[in-house]
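**Student:** everything below, folded, please.
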Amino acid sequence: QLQLVESGGGAVQPGGSLTLACTISGFTSTDFAIGWYRQAPGKEREPVACVSSARYGNTAIADSVKGRFSISRVNVKNTVYLQMNRLRTEDTGTYYCTKDNNRMGVCQTADWGSWGQGTQVTVSP
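**Tutor:** So this is what the prediction gives:
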């Protein structure tokens, strides 16, 4: 059964850090691009970061978080992490991980299909 489960969210002060995990089951994560998206209250869901399948291996980071966030895989755990540093109030939202429908695909042309349930991140003084 295909499943993506996010964890690691919480409440932090500006300048703090969090590490989100997307734990994957039902498929081999390295066969697919995996993305992180977020949605703030009253706003549309937006892309945050992506790691391509093992065929390409590249990552993509949104300009709004570049230099503060990074994405990585731990293959033996079938888990994709989003490391978030120097958090800002505008980073508040629900963070989701998602899987590309294309096997052995690349971030730039991903067709996002399955989604996790999300994990809440709140950044406030």
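
**Student:** so which residue is dead centre in this protein?
**Tutor:** For the chain, the residue nearest the mean C-alpha position is residue 36 (2.4 Å; CA atoms, centre = their mean).

**Student:** tell me where this structure has strands.
**Tutor:** Assigned by DSSP state E, the chain shows strands spanning 3-7, 10-12, 18-25, 32-39, 46-51, 59-61, 69-74, 79-84, 93-103, 112-115, 119-123.

**Student:** any chance of these in a markdown table, with mean pLDDT too?
**Tutor:** Below are the strands of the chain laid out as a markdown table (pLDDT from 0 to 100):
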| stretch | mean pLDDT |
| --- | --- |
| strand 3-7 | 97 |
| strand 10-12 | 98 |
| strand 18-25 | 97 |
| strand 32-39 | 98 |
| strand 46-51 | 98 |
| strand 59-61 | 97 |
| strand 69-74 | 96 |
| strand 79-84 | 98 |
| strand 93-103 | 97 |
| strand 112-115 | 95 |
| strand 119-123 | 98 |
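
**Student:** ranking those strands by burial, who's on top?
**Tutor:** Of all these, strand 32-39 has the most neighbours on average by mean count of other CB atoms under 10 Å, namely a mean of 24. C-beta coordinates here come from the backbone N, C-alpha and C atoms, glycine included.

**Student:** which elements pack onto that strand?
**Tutor:** strand 18-25, strand 46-51, strand 79-84, strand 93-103 (3 or more CB pairs under 8 Å, 6 or more residues apart in numbering; DSSP states H and E).

**Student:** ok so, going back, run through the bridge partners of the residue nearest to the centre of the chain.
**Tutor:** residue 49, residue 97 (DSSP bridges).

**Student:** that one against residue 9, yeah?
**Tutor:** No - assessed by CB atoms under 8 Å, residue 36 is found out of contact with residue 9, at 11.8 Å.

**Student:** pull up the overlap in contacts between these two.
**Tutor:** Taking CB atoms under 8 Å, 6 or more residues apart in numbering as the contact rule, residue 36 and residue 9 both touch 20, 95.

**Student:** model confidence for residue 57, exactly?
**Tutor:** The per-residue pLDDT reported for residue 57 equals 89.
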